[in-house]
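In: Dropping the sequence and predicted coords here.
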Amino acid sequence: MTGADIAQTELGFTGAGIRVAVMDTGVDYHHPDLGGCFGPNCRVFTGWDFVGDAFNADPSSALYNPTPVPDANPDDCNGHGTHVTGIIGANGAVKGVAPGVKFGAYRVFGCEGSTTADIMIAAMERALADQMQVLNMSIGSSFQWPQYPTAQASDRLVNKGVVVVASIGNSGTSGLYAAGAPGVGSKVIGVASFDNTHVNLAAFSISPDNTLIGYANATGAPPAPLAGNLPMAKTGTPTTANDGCSALPAGSLAGKAVLIRRGTCTFYVKSLNAQNAGAAAVVLYNNSAGRFSPTVAGTPPITIPVVAISDTEGVLINNRIAAGAVTLTWTAQAFSSLNPTGGQISSFSSYGLAADLSFKPDIGAPGGLIRSTYPLEKGGYTTISGTSMSSPHVAGAVALLLQAKPNTPSQIVRTILQNSADPKPRVGTPAGLDNAHRQGAGMLDIDDAILATTKIEPGKLALGESQAGSQTRTLTIENKSNATITYDLSHQGALATGPNTFTPAFFAEYATVAFSAASVTVPAGGTASVNVTITAPAALADKSLYGGYVVLTPQSGGQVYRVPYAGFKGDYQAIPVLTAGFPYLGRLSACNAPGILRGSECFGGGSYGVHTTPGAVFTLAPGLSQTPFILVHLDHQVRRLRVEVFEAVTNKPWHRAFDLEYHGRNSTSTSFFAYAWDGTTKGGNKSYTVPDGQYYFKLSVLKALGDDNNPAHWETWTSPTFAIDRP
């Protein structure tokens, strides 16, 4: 798909001598495909565990433990990091993109849960000190800005000479502007995902004719065995939208492999309900075309095998169960097939642009249904999907490029990869190239990047908002060959999306592109420039994103080069932020499972009562109902979110309860942020405790790219008055 095999076998590059850092859950360095050892003479030659096994920074987890216990052993008890490392450079039963690289393993996750930005930044500093040349981070915080701390630190790392590659995120179902940090960093290579064209899976068979069904083991559950029989049951039909989302009768699935359709609730909820009903295994099937690889990590843990199959296989099994008894037989057989969605952008891959309208993602690579190494105690190999898998593919490609062109500056690597990438079409209506703000420059093309003799800068064009008018950019073309080359200039439009952020529609509306010359001649070893003027599609609805590709085709034949572009149609400040129905003054009324009450806040759930009229009273006592909350839904990212406190009678200001910068948006049109106020404010460098009395909140949000001094760029809300009455 990306030419990694050509780079290895025909061009002779393996990444030998290149040092690649993997910041992740650690690495099972015992794995033979990864060298089998840890230390100076091993492939995993250095690293550090920044957190320890029990660390978990997720307050919604029952295993919450934010205290790191670092040590010198970056082993992997989760599996994610081992899978990522194998994609970069495994050399055995699985062969990675760059099987000759050496690894640094920087563990920033415990066995379960999340991590923190400060720990990630410490790992970046360690990777720099260890003289790593490439850093892969298959980690992300969605809906973020390039100013997010890990993105900013990543940019500084690139300035120090390290090529930083990061996943762009798995929020494809959450609409536009969903790209995550650190992938949105201005100097980071943010990577989108394409589905693998072929899948290599484990398999089970079903009666009565031993039909073989390929499956992917779910992350967070024990792997399926390689032998044994189970009777099958089902909890719904191929039209049941919420199959398995409600508790099932105890013992109703005792000893059975239960078939459950994907949809509505999480894979974890479905699996837990089946497990609680006595199931011996769960077989999840897709509710749309193709295959998938689920994650069922959670507390309490899933202790039975959970596997995933395609939609058509699920319907087949459903029909057989409806007709009579069906037996599932686990096998040691391998299953290989074409993937019907292969080569397409993965459904989970996040859309850009970044909140500041910078161009993201940068490029794409295979990330859907990728088989790679896994901890030996978890089976040694598994198939997982995510931009977590596409990012290391690009990191491996960077290693090959650095071996081939060792003097390439870290800031230029992304441009070389983008110039040679291949944009892919969308399958569906309307037809056309998939969005530039979702696939970036397109599919990575490793061998073309290595063989490229032309470089075009900038490697991408962020056009901003069209209210400013047509945008003219200058492209500088460098010819590193020993012959003069003349390029014809042309344009390929990509599909536009919008205008709704959360549920964007697709439009075959294309920009108008004009060039200062129809062709450009670049002397051997020299440079030339051309101006490109891009005008947003006239018929496209405002608040939509558009894009495409400037194409340079050599008249004498040979490699074609491209520069992607994307922009916003209309006035960016016209996107509303505070929509009808929010904000609210509220209080926490319940914290039901899976939510966890910590102090006065419910993490992972919670029900809130709201106050729309004056008169609410809060004691600020810990626990339920006595703390005031501001419930805010953000339709779009904001440059600043500020909450001020005022005395109700005199309007005397009591400084700021909250003052947050570069804030992400909500993931859905109905979700919201809940900010608990503890009765204190900040003004300058001082903190204040407000006395008992009557108050109100004033919430102000500055729109993305808004001007602080322009009132039209702010949206505000004032709460009903309320009382603080401490016991």
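Out: Now that the structure is in, tell me what you want to look at.

In: Across the sheet, point out what pairs with residue 611.
Out: The partner list for residue 611 in beta bridges (DSSP bridges) reads residue 585.

In: Give me the neighbour count for it.
Out: The tally of other residues near residue 611 (other Cβ atoms under 10 Å) stands at 19. C-beta: built from backbone N, CA, C; applies to glycine.

In: any idea which helix is longest in this structure?
Out: helix 387-404 (DSSP state H).

In: hmm, who's touching the next helix or strand after that helix?
Out: As assigned by DSSP states H and E, the chain's next helix or strand after helix 387-404 is helix 413-420. Outside helix 413-420, the residues within contact range by Cβ atoms under 8 Å, 6 or more residues apart in numbering are 163, 187, 189, 362-363, 394, 397-398, 401-402, 405, 408, 440-441, 444-445, 448-449, 452, 454-460, 559, 561-564.

In: Where strands are concerned, which of the residues you listed count?
Out: 163, 189, 363, 454-457, 561-564 (DSSP state E).

In: can I get these in TSV with distance to residue 112?
Out: Formatted as TSV, these follow (distance: Cβ to Cβ, whole Å):
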residue	distance to residue 112
163	30
189	29
363	31
454	48
455	44
456	45
457	44
561	45
562	42
563	43
564	38
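
In: Residue 499: which of the residues you listed is nearest?
Out: Residue 499 lies nearest to residue 564 out of those, by Cβ to Cβ, at 21.5 Å.

In: Show me the beta-bridge partners of that closest one.
Out: As for beta bridges, residue 564 partners with residue 549 under DSSP bridges.

In: from the middle of its chain, how far away would the longest strand belonging to the chain be?
Out: Of all segments of type strand in the chain, defined using DSSP E, the longest is strand 485-498. Distance, stretch centre to chain centre, for strand 485-498: 27 Å (Cα atoms, centre = their mean, to the nearest Å).

In: Packing partners of that strand?
Out: With contacts taken as 3 or more Cβ pairs under 8 Å, 6 or more residues apart in numbering; DSSP states H and E, strand 485-498 sits against strand 432-433, helix 436-439, strand 505-507, strand 519-522, strand 545-554.

In: CSV for the ones you listed, including distance to residue 317?
Out: Converted to CSV, those look like this (distance: least, Cβ to Cβ, whole Å):
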stretch, distance to residue 317
strand 432-433, 36
helix 436-439, 33
strand 505-507, 33
strand 519-522, 58
strand 545-554, 40
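
In: tell me the most buried of the ones you listed?
Out: Among the helices and strands packed on strand 485-498, the stretch with the highest mean neighbour count (mean count of other Cβ atoms under 10 Å) is helix 436-439, at a mean of 31.

In: Quick one: mean pLDDT for it?
Out: The average pLDDT within helix 436-439 is 99.

In: now for that helix, which elements pack on it?
Out: Using 3+ Cβ pairs under 8 Å, 6+ apart, the elements in contact with helix 436-439 are strand 189-195, strand 485-498, strand 545-554, strand 561-568.

In: For it, output the C-alpha coordinates as PDB.
Out: The C-alpha trace of helix 436-439 is given here as PDB (Å, rounded to 0.1, in the frame of the first residue of the first chain):
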ATOM      1  CA  ALA A 436      -8.000  17.000   2.100                       C
ATOM      2  CA  HIS A 437      -8.900  17.900   5.700                       C
ATOM      3  CA  ARG A 438      -9.300  14.200   6.400                       C
ATOM      4  CA  GLN A 439      -6.600  12.400   4.400                       C
END
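
In: what's next to that helix, contact-wise?
Out: Helix 436-439 is contacted by residues 172, 176, 192, 194, 345, 349-353, 359-361, 364, 423-424, 494, 497, 545, 547-549, 564-566 when judged by Cβ under 8 Å, 6+ apart.

In: cool, stretch 331-340 as well?
Out: Outside of stretch 331-340, the residues within contact range by Cβ under 8 Å, 6+ apart are 195-205, 212-215, 226-227, 289-291, 310, 368-369.

In: Apply 6 Å and report the result again.
Out: With contact meaning Cβ atoms under 6 Å, 6 or more residues apart in numbering, stretch 331-340 is reached by 195-197, 199-201, 203-205, 214, 226, 289-290.

In: Out of those, grab the one that's most surrounded.
Out: Comparing these on neighbour count, residue 204 comes out first with 28 neighbours (neighbours: other Cβ under 10 Å).

In: Just confirm that one is within a strand.
Out: Yes. Counting by DSSP: H, G, I helix; E, B strand; the rest coil, one finds residue 204 located in a strand.

In: Let's see the pLDDT reported for it.
Out: The per-residue pLDDT of residue 204 was computed as 97.

In: Can you tell me how far it is from residue 213?
Out: From residue 204 over to residue 213 the distance is 6 Å, taken as Cβ to Cβ, to the nearest Å.

In: Also residue 469?
Out: Between residue 469 and residue 213 the computed distance is 56 Å (Cβ to Cβ).

In: cool, and residue 565?
Out: Applying Cβ to Cβ, the value for residue 565 to residue 213 is 44 Å.

In: again, but for residue 338
Out: Here the distance between residue 338 and residue 213 works out to 15 Å (Cβ to Cβ).

In: Could you check which of those two has the larger neighbour count?
Out: Regarding residue 338 and residue 213, a neighbour count based on other Cβ under 10 Å identifies residue 213 as having more, with 22 against 9.

In: Next, the buried residues of the host helix or strand of the more buried one.
Out: In this structure, residue 213 sits in strand 211-217 according to DSSP H and E. Neighbour-count burial for strand 211-217, counted by 16 or more other Cβ atoms under 10 Å, picks out 212-217.
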